[in-house]
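1. structure, please.
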Amino acid sequence: MLVWTSRRTNRRALLRAAAIAAPLAALLAAAVAASPASPVISDAAKIDEHAGEIFTEERDCFETADRRPVPIELVRQYVPDRYTPEVVPAPGPPVWPTPGELVGLVGFTDYVCESFSVNGHKPRPTIVSMGVVQFVARDGVARRGSYVLWVGTDNPLLFVRLQQLGVRTYFIPRSNYTESVQTAAAGTTTEITVNYVGNGPGGLSYTRRISATEGVLPAPPDGPASGWFHLGSKGEVAFTFFNHFQPFGRATVCLEFEPGSIPTQYGLTGFPTPGSCFPTLRNFFRGSWEGHHYLVE
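-> Numbering: from 1, shown residues only. Predicted structure coming up:
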């Protein structure tokens, strides 16, 4: 079968080459020194970068949000008591080997942006990995949301600022992605591979492969999104966004984990399917959004 492929130019390679060449310590020092106590402007208001909040401008992004079953006994071991994990009966194979087993819903909110600015600084391409658990109550009050287990990123300034908020954050500067468009008799798909590259064994290392048919579902109206929380070393952190989505796509999503990597430590495993792919299609998002992440009083 004749397949035509066009590859979108990846500006990340040029930017990352310089970043990898510099020692990690120097790279992080430069990120912190970029504004030791300098105010920046967001919505016409001055913001002290050490005031316990982060503002982001995230443009030209794609995202998948994936959840899969993990035994609820394991989930309760790593979710703080103030959050009540959602409990559901597991479906049967190939999703889960024992139908009806009580499980929690654990997975990822992962995305890549061509332009990502932190507190008004110069934007750069950025990869984000966010491990999450679905919950149904917070402090005993019914509300749905996602408890954030970790955030991984190749953006040094985002890494530093999240650490300053006390968030469990991993710096993964060797991560990379490719994106291409393939046209065949069956139609046109977007083929994406994202490699999350941790720092040695036991790091945040896994690969996500996406094959998406884009623009098949209408875009929701622009609006806020909230409900992500993390209980870190300095207290509870809330993650909020204001979304501007394009029409949704549908995608085959495949995940492969390095043995002993951080996701596997939370009970995440591949599926017993070819390529370790989700058995059903997932939503594929494109758009831009603004983020506001802050310590909750």
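2. low-scoring stretches of this protein, by residue?
-> Low-confidence segments of the chain, defined by pLDDT under 70, are located at 1-50.
3. spatially central residue for it, please.
-> The chain has Asp110 as the residue nearest its centroid, 2.5 Å off, counting by CA atoms, centre = their mean.
4. in the helix or strand harbouring it, which residues are buried?
-> Under DSSP states H and E, the secondary-structure element containing Asp110 is strand 102-118. For strand 102-118, a neighbour-count test (16 or more other CB atoms under 10 Å) marks 103-118 as buried. C-betas here are computed from N, CA, C, even on glycine.
5. partner strands of it and their direction?
-> Using DSSP bridges, the strands paired with strand 102-118 in its sheet are strand 53-71 (antiparallel), strand 88-89 (antiparallel), strand 124-138 (antiparallel).
6. return the distance of the second one from the chain's centre.
-> Its chain's C-alpha centre and that of strand 88-89 lie 25 Å apart, by CA atoms, centre = their mean, to the nearest Å.
7. pull the residues that contact it.
-> Contact partners of strand 88-89, identified using CB atoms under 8 Å, 6 or more residues apart in numbering, comprise 69, 99-105.
8. three-state assignment of Ser180?
-> Of the three states, Ser180 takes strand under DSSP: H, G, I helix; E, B strand; the rest coil.
9. typed the wrong thing, it's Thr188
-> Using three-state DSSP as the criterion, the local structure at Thr188 reads strand.
10. show me the contacts for it.
-> Under the criterion of CB under 8 Å, 6+ apart, the contact partners of Thr188 comprise 181-182, 213.
11. mind redoing it with 10 Å?
-> Taking CB atoms under 10 Å, 6 or more residues apart in numbering as the contact definition, Thr188 lies against 4, 181-182, 212-214.
12. how about Glu236?
-> Under the criterion of CB under 10 Å, 6+ apart, the neighbours of Glu236 are 80, 82-83, 138-139, 166, 229-230, 294-297.
13. beta partners for it?
-> Applying DSSP bridges, one finds that Glu236 bridges with Leu231.
14. now the closest residue to Phe239 other than its chain neighbours: how far from Gly275?
-> Nearest non-adjacent residue to Phe239, counting by CB to CB, 6 or more residues apart in numbering: Trp228, 3.7 Å away. In this view, Trp228 and Gly275 are 29 Å apart by CB to CB, to the nearest Å.
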